[in-house]
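*Asks:* structure here, sequence nowhere to be found:
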């Protein structure tokens, strides 16, 4: 199956079956989203959503968080992974927003990357979820699903996966395409035990079709 054909079928299936896919992080504005995404590194969205309501109430704006300290932020996020480091990053991020961006979350990759705690994946999530801009964050779920389905040719790095997905997915669909892949990886194409019997993408999944194609080739040779 040609790569373009595989993309067409998979995108069509997602459009029909997951038309309203969105982030599972809970937020009301770009600042809250940025906090939640920083906290979600190596942590589940479910856990992040448990701690952010009280955190957002205590620090409702960049100015409020910038005026605080990591010691003041820490009690609110102690149950997430690496809380001490993340508390420090959150305060540094807020201080940078106030000092350089008038308290507003910037809306370009280049400017987002200047913020403490913000790497390319975090910046991409903010771009698509807060500003509906084209980007393709690649986390472990997206990386795994893209390779298994055959959307990438066994890419070795998230950066390589991102480049290929950006090449083949129409720009207008990029904001929702990320959610398609991450949710499919989270609930169906799981790492240890993919639920293939529940997957609607089997006809176009490389993991499944390669085995069939190999058997067909051997049969033709006999």
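*Replies:* Now that the structure is in, tell me what you want to look at. A quick note: this is a predicted structure, and the numbers were derived from the prediction, not measured. Numbering: from 1, shown residues only.
*Asks:* mind listing what's buried in stretch 175-188?
*Replies:* 175-186, 188 (16 or more other C-beta atoms under 10 Å). No exception for glycine: its C-beta is placed from N, CA and C like everyone else's.
*Asks:* for it, the distance to its chain's centre please.
*Replies:* Counting by C-alpha atoms, centre = their mean, to the nearest Å, stretch 175-188 is centred 8 Å from the centre of its parent chain.
*Asks:* picking that back up, okay if I get the buried residues of stretch 175-188 as CSV plus secondary structure?
*Replies:* Shown next, in CSV, are the buried residues of stretch 175-188 (DSSP: H, G, I helix; E, B strand; the rest coil):
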residue, secondary structure
175, helix
176, helix
177, helix
178, helix
179, helix
180, helix
181, helix
182, helix
183, helix
184, helix
185, helix
186, helix
188, coil
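*Asks:* between those residues, which is closest to residue 144?
*Replies:* residue 185 (5.6 Å; C-beta to C-beta).
*Asks:* can you give me every residue that contacts the closest residue to residue 187 other than its chain neighbours?
*Replies:* Closest residue in space to residue 187, ignoring its immediate chain neighbours: residue 195 at 7.9 Å, by C-beta to C-beta, 6 or more residues apart in numbering. Counting by C-beta atoms under 8 Å, 6 or more residues apart in numbering, residue 195 touches 187, 188, 189.
*Asks:* three-state assignment of the most centrally placed residue in the chain?
*Replies:* For the chain, the residue nearest the mean C-alpha position is residue 137 (4.8 Å; C-alpha atoms, centre = their mean). State at residue 137, reduced to three classes by three-state DSSP: coil.
*Asks:* what's the spacing between it and residue 73?
*Replies:* 24 Å (C-beta to C-beta, to the nearest Å).
*Asks:* equivalent analysis for residue 206, please.
*Replies:* 44 Å.
*Asks:* still on that earlier bit, any idea how far the residue nearest to residue 187 lies from residue 6?
*Replies:* Residue 195 sits 20 Å away from residue 6 when distances are taken as C-beta to C-beta.
*Asks:* do residue 31 as well
*Replies:* Distance from residue 31 to residue 6, by C-beta to C-beta: 38 Å.
*Asks:* so the two - more neighbours on which side?
*Replies:* residue 31 (23 against 20; other C-beta atoms under 10 Å).
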